[in-house]
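# Give me coordinates for this.
(one chain, ligands or ions: 1)
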Amino acid sequence: MKVGVLGGGTMGSGIVQVAAQNGHEVILVDLNEQILIKSREALEKVLNRLIEKGKMSEEDSEAIHARITYSQDMHDFAPCGIVIEAIIEDLAIKKTVFKHLEGVTKPSCILASNTSSLSIASIGAALEIPDRIMGIHFFNPAPLMPLVELIPAVQTSSETVQKSKELIAGWGKVTVVCKDTPGFIVNRVARPFYGEALRIYEEGIADFATIDWAMTTFGGFRMGPFTLMDYIGNDVNYTVTETVFTAFYFDPRYKPSFTQKRHSEAGYLGRKSGRGYYNYAEGVAQPQPNEDKELGKQIFERILVMLMNEAFDALFLQVASRKDIDLAMTNGVNYPKGLLQWADEMGLDVVLSKLEALFHEYGEDRYRPSPLLRRMVREMK
Ligand code: NAI
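Sure, this is the predicted structure:
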């Protein structure tokens with residue numbers, strides 16, 4: 001099957017590499033010729049590094065390059081069995097583009113979007129035959145991150161879902177299927193990792209370094225929330241939170257944080273600007289955590305139960321299956337364990353009592369335990 005990719009930026013280039021490495025002929029279309037040149041150069045660099053490391057032969061690298069066509073003309077998508085769109089995150093532009101895509105592809109061609117935050121239904125509404133619309137959400141960097149979220153819209157046919165799943169799983173990716181809801185699985189369930197950490201900081205319970213230390217030491221997370229937000233970029237992470245918050249009709253559980261907003265406004269974006277929650281300038285000593293074990297454990301457990309609560313609610317509202325929710329968090333954001341399995345190990349009654357204590361203490365809807373968790377604890381008795 002020929003694979004089309006629209007948009008040769010960060011994500012599009014990564015998806016092209018994955019498809020071409022898996023033997024597909026790929027057509028990459030971008031409006032901007034310079035982007036196409038950059039995309040080709042970036043791929044050459046990556047493949048050369050693989051050759052140097054002895055992980056790829058010169059012949060394989062040449063064959064991969066030979067399978068990719070770079071073009072500025074969407075008509076070149078005509079023979080494709082699927083086109084994956086990875087252009088700017090703007091609904092009006094995506095809709096115009098999908099209408100155009102429908103005109104230049106065959107009726108059986110799956111039309112997929114890599115959007116992180118727009119509803120697949122709204123993009124599909126631009127199509128005359130919307131049963132071939134699909135959300136196919138890769139994670140950055142696409143060649144390295146194993147997870148791909150598959151998001152059928154209300155219009156999508158089961159055949160489109162099945163074909164997409166077979167294709168992406170065939171590329172060695174871990175696929176999960178989720179409902180067309182804000183943040184899909186990962187960007188929804190992961191919100192408390194950032195939000196609750198920020199809240200703990202705002203309450204003056206601990207500083208950034210201590211919260212990061214608590215999550216890596218007691219939770220086994222590869223990075224603490226503040227180190228991770230500095231990696232992602234505070235502007236990017238803040239926008240995701242605000243988008244999810246708005247899309248959930250201002251559910252207080254997803255409320256963005258002023259601390260993050262101010263850091264973002266100040267230009268403290270993280271590693272990319274040299275300063276975020278931490279200062280990355282050369283020679284600057286990093287702050288040391290307060291290694292009080294009792295405090296560390298409390299911080300870790302508070303963030304963890306909030307994450308688990310989010311996972312239970314996603315399951316409650318049938319966003320995805322239990323297995324897929326756990327797979328998404330371990331493969332999309334490298335959590336040390338699936339949250340639902342982790343909750344089982346911790347004891348569902350323990351998780352619920354910690355959430356109830358937070359809810360009782362603060363009286364905020366943000367801390368309401370998921371009805372599913374309550375039901376499961378009740379049924380355990
Ligand atoms: P990017 O800004 O790196 O690349 C977008 C590319 O699309 C640019 O090369 C631009 O020239 C091209 N483009 C814009 N309008 C076009 C049009 N009408 N026709 C053809 N090409 C056009 O963006 P990035 O980061 O690759 O994101 C692309 C999509 O993937 C967005 O929907 C984003 O939400 C989503 N996404 C991004 C992730 C990330 O970490 N960057 C992760 C997962 C999804």
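# tell me which parts of the stretch 101-250 of the chain are close to the ligand?
Residues of the stretch 101-250 of the chain found near the ligand (C-beta under 6 Å from any ligand atom) are 114-116, 138, 140. (Glycine included, C-beta is placed from N, CA and C.)
# nearest to V240, of those?
The shortest gap between V240 and any of these belongs to S116, at 7.2 Å (C-beta to C-beta).
# quick one: the closest one is in a helix?
No - per DSSP: H, G, I helix; E, B strand; the rest coil, S116 lies outside any helix segment and is coil.
# Just to check, it is in contact with T239?
No - judged on C-beta atoms under 8 Å, S116 makes no contact with T239 at a distance of 9.8 Å.
# Which residue of those two possesses the greater neighbour count?
When neighbours are counted by other C-beta atoms under 10 Å, S116 and T239 differ, and S116 comes out ahead with 21 against 16.
# any idea how far the ligand is from the residue nearest to A320 when sequence neighbours are not counted?
Nearest residue to A320 in three dimensions, chain neighbours excluded: C178, at 4.2 Å (C-beta to C-beta, 6 or more residues apart in numbering). Remark: distance between C178 and the ligand (C-beta to the nearest ligand atom, to the nearest Å) = 14 Å.
# okay, C178: pLDDT?
C178 carries a pLDDT score of 98 in this model.
# Run through the residues that contact it.
Listed by C-beta atoms under 8 Å, 6 or more residues apart in numbering, the contact set of C178 reads 149-151, 184-185, 319-320, 324, 328.
# With only the CA atoms kept, save stretch 111-123 in CSV.
These are the backbone C-alpha positions of stretch 111-123, laid out as CSV (Å, rounded to 0.1, in the frame of the first residue of the first chain):
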residue,chain,number,x,y,z
LEU,A,111,-7.9,9.8,5.5
ALA,A,112,-6.3,10.1,8.8
SER,A,113,-5.3,13.1,11.1
ASN,A,114,-2.4,13.1,13.6
THR,A,115,-4.2,15.9,15.5
SER,A,116,-3.5,16.0,19.3
SER,A,117,-6.5,18.1,20.3
LEU,A,118,-9.1,18.5,17.6
SER,A,119,-12.1,16.2,17.4
ILE,A,120,-11.9,13.7,14.6
ALA,A,121,-15.6,14.1,14.0
SER,A,122,-15.2,17.8,13.2
ILE,A,123,-12.5,17.1,10.7
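# before we move on, the earlier item: right, and out of the contacts of C178, which lies closest to A266?
When the contacts of C178 are compared against A266 (criterion: C-beta to C-beta), the nearest one is F184, at 30.3 Å.
# just checking, what packs against whatever helix or strand I211 lives in?
In this assignment (DSSP states H and E), I211 forms part of helix 208-217. Helix 208-217 sits against helix 191-202, helix 225-232, helix 293-316, with contacts defined as 3 or more C-beta pairs under 8 Å, 6 or more residues apart in numbering; DSSP states H and E.
# Which one, of those helices, ends up nearest to Q260?
helix 191-202 (5.9 Å).
# Buried residues in the closest one, which are they?
Neighbour counts over helix 191-202 (16 or more other C-beta atoms under 10 Å) mark 191-201 as buried.
# and if you look at stretch 31-41?
When burial is assessed from 16+ other C-beta under 10 Å, stretch 31-41 yields the following buried residues: 35-36, 39-40.
# and if you look at stretch 45-61?
For stretch 45-61, a neighbour-count test (16+ other C-beta under 10 Å) marks 46-47, 50, 56, 61 as buried.
# So for stretch 283-297, mean pLDDT?
For stretch 283-297, the mean pLDDT works out to 97.
# May I see the buried residues of it?
Using 16+ other C-beta under 10 Å as the test for burial, stretch 283-297 gives 289, 295-296.
# Quick check: of those residues, which lies closest to the ligand?
Proximity of the buried residues of stretch 283-297 to the ligand (C-beta to the nearest ligand atom) peaks at P289, which lies at 28.7 Å.
# Is the closest one part of a helix or strand, or is it coil?
Here P289 is recorded as coil under three-state DSSP.
# Just the local confidence number for the closest residue to the ligand within the stretch 101-250 of the chain, please.
In the stretch 101-250 of the chain, no residue comes nearer to the ligand than N140, which is 3.4 Å away by C-beta to the nearest ligand atom. On pLDDT, N140 comes in at 92.
# quick one: contacts of stretch 28-42?
Contacting residues not belonging to stretch 28-42 are listed as 4-9, 12-13, 16, 65, 68-74, 76-77 [C-beta under 8 Å, 6+ apart].
# tell me which helix or strand of the chain sits lowest on mean pLDDT?
Of all the helices and strands that make up the chain, helix 234-247 has the lowest average by mean pLDDT, DSSP states H and E, namely a mean of 94.
# Pull out the buried residues from it.
Within helix 234-247, the residues scored as buried using 16+ other C-beta under 10 Å are 234-245, 247.
# give me every residue that touches S117.
89, 182-183, 187, 240, 243-244, 247.
# mind redoing it with 10 Å?
With contact set as C-beta atoms under 10 Å, 6 or more residues apart in numbering, S117 has these partners: 89, 91, 137, 182-184, 187, 239-240, 242-244, 246-247.
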